[in-house]
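Colleague: Fold the following, please.
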Amino acid sequence: MTRSSAHSTLLVLPVILASTLLVASSSEQRFRRTTQDIFRTGIDVVQMSATVVDVDGRLVGDLQREDFEVFEDGERQTVTDFTRDRVPLSVGVVLDVSQSMYGQRIDDARLALDRFLADLLDPDDEVFVIVFNHTPRVEVGWTLGPRQLRNRLDNIRPSGGTSIYDAMMEAVPLFDVRHHQRAAVVLISDGSDTGSHANVRDVRRLLRRSDAFVYAIAIDAPDTRPINDRVNPHALREMTTESGGYTEVVHDSPELEPATRRIAEELNHQYTLSYVSSRPADGSYRSIRVRIVAHDHRVRTRRGYVAEPRRQR
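Modeller: Numbering: from 1, shown residues only. Here you go, the predicted structure:
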């Protein structure tokens, strides 16, 4: 997998930990009931998705519950639920349709997203699409069955400026009403933010209250655009790294298709874990660290969460 640190067109996606473990379907159903309670009533059980890679960066999908250690603010926690099965996913696509995406770039983005949604996700997943230039808008609301979105972006014509942070501020709250326990955002852009009212710190604060993985794909094409108009990978990494996702820089829009394929491969091979915090929910921020016992594997998951008190029904 190639990840550059140069400027580039970006694609971000929110996502969590999952893969293939529990044998009995009753265990899987119990896990789903638990996470549905989380979505509706606030923090009780803390759920995470985790991506595990070996020293060569290859995905690892055969670990067991006892291979994981979870720490909250440095204190060891007991993992109460665990699966490496592919758990259904709620995905938000956030696509730059500013003037700089006109022509080949938007054509390549449409093709990459059509393949990502129709061929690489599962029919039981759900998806929404936000497009943005100087203003974000929900192009497609939550839709069960990603294949239904094939060709839905064909009539979009790029124009205007770039408001990445406003688009993310619009996208993240939509996960509050999702149906699945795992969540991910995929952001694609080719420029720096030129028109948002929000800033990257606002987006980071919002993501701390979300369990969505965020992925960004940035296009760093060899053109003559001013340096302050080109994509800012550093700002994107500020959003993606803390969530457990990553930013990938590509050098031209034809590379969007393999980049989205790598994201899908990761989402299809995650682990999902949960634990009950040993401390009462008090609105504070709690750090999370996950490590693999007796291996040199690396784990990516969200770095923390805000312990919201349980809401009354």
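
Colleague: Residue 197 against residue 166, yeah?
Modeller: Yes. Taking CB atoms under 8 Å as the definition, residue 197 is a contact partner of residue 166 at 6.0 Å. In this view, the C-beta of every residue, glycine as well, is placed from N, C-alpha and C.

Colleague: Pick out whichever of the two has more residues nearby.
Modeller: residue 166 (21 against 9; other CB atoms under 10 Å).

Colleague: Tell me the secondary structure at the more buried one.
Modeller: helix (DSSP: H, G, I helix; E, B strand; the rest coil).

Colleague: Which residue is the nearest non-sequential neighbour of it?
Modeller: residue 196 (4.3 Å; CB to CB, 6 or more residues apart in numbering).

Colleague: For that neighbour, give its distance to residue 230.
Modeller: 16 Å (CB to CB, to the nearest Å).

Colleague: Then residue 137?
Modeller: Distance from residue 137 to residue 230, by CB to CB: 24 Å.

Colleague: Over to residue 122?
Modeller: For residue 122 relative to residue 230 (CB to CB), the value is 35 Å.

Colleague: likewise residue 103?
Modeller: 17 Å.

Colleague: Same question for residue 81.
Modeller: 44 Å.

Colleague: What of residue 278?
Modeller: 46 Å.

Colleague: ok, these two, which is more surrounded?
Modeller: Set residue 278 next to residue 230 and count neighbours by other CB under 10 Å: residue 230 wins out with 21 against 11.

Colleague: what's the pLDDT at the more buried one?
Modeller: At residue 230, the model reports a pLDDT of 77.

Colleague: so it touches residue 189, yeah?
Modeller: No. Look at residue 230 against residue 189 with CB under 8 Å: they stay out of range, at 10.5 Å.

Colleague: quick one: contacts for residue 149?
Modeller: Residues counted as contacts of residue 149 (CB atoms under 8 Å, 6 or more residues apart in numbering) are 117-118, 127, 129, 140, 143.

Colleague: ok, for it, nearest residue in space, not its chain neighbours?
Modeller: Closest residue to residue 149 apart from its sequence neighbours, by CB to CB, 6+ apart: residue 117 at 5.1 Å.

Colleague: now swap in residue 124 and tell me
Modeller: Closest to residue 124 by CB to CB, 6+ apart is residue 88, at 4.8 Å.
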